[in-house]
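Asker: Give me a model of this one.
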Amino acid sequence: MHTVKQSFADNPQQIVADSFDLIWVRCDGLVADAPFSSHSLQWLDWNLQGQIHRWWTSKRASRSATFIPTFGKLQAPFVALDCASALNTENLAETCKGLGAKQILILCKDASEVSSVEKEIRHQKFSGFPDRVVVGSDEAVGRS
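Answerer: The predicted structure is shown next:
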């Protein structure tokens, strides 16, 4: 499996331009009634015509991942909203296997979370799914 860190600071449009099979958004720490401070998350929500914001403000946030269908608005068929305080790599691995997701994006709130998520992903034993994981945020993330 290939893991890459990426910053979307200068180009949040790349999130919807790349051909990911799944976009996994780390939502821990977002405030329900506030606008998203992440330009990447704003861009993603705009392309989904506000589905993420509507879900978030309806206070349906749970500690397990919630899957929002993209209905062809993105190349990825689903966006997963993960509100848990820590990434559950076993759940991620099972989800990728179940969906046949080979290329995924994990969108984090900041660069420090990118580094910790990347380390967790590198230590997880994935069985064929995914092949490629991009871990990114709006901040400069450093080298892999």
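Asker: Show me where the protein has its strands.
Answerer: For the chain, the strands defined by DSSP state E cover 2-7, 22-26, 66-69, 78-82, 103-107, 132-137.
Asker: Partner strands of the fifth one, with direction?
Answerer: Based on DSSP bridges, the pairing partners of strand 103-107 within the sheet are strand 22-26 (parallel), strand 132-137 (parallel).
Asker: Let me have those in JSON lines, extended by distance to Ile121, mean pLDDT and mean neighbour count.
Answerer: Where C-beta positions appear, they are placed from N, C-alpha and C, glycine not excepted. Converted to JSON lines, those look like this (distance: least, C-beta to C-beta, whole Å; pLDDT from 0 to 100; neighbours: other C-beta atoms under 10 Å):
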{"stretch": "strand 22-26", "distance to Ile121": "11", "mean pLDDT": "93", "mean neighbour count": "25"}
{"stretch": "strand 132-137", "distance to Ile121": "5", "mean pLDDT": "92", "mean neighbour count": "24"}
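Asker: if we can go back for a sec, tell me which of the strands of the chain approaches Trp43 most closely.
Answerer: Smallest distance to Trp43 across these (C-beta to C-beta): 10.4 Å, for strand 103-107.
Asker: Tell me which residues are up against that closest one.
Answerer: The contact list for strand 103-107, computed with C-beta atoms under 8 Å, 6 or more residues apart in numbering, reads 8, 15, 18-26, 38, 40-41, 44, 76, 87, 92, 96, 117, 121, 130-137.
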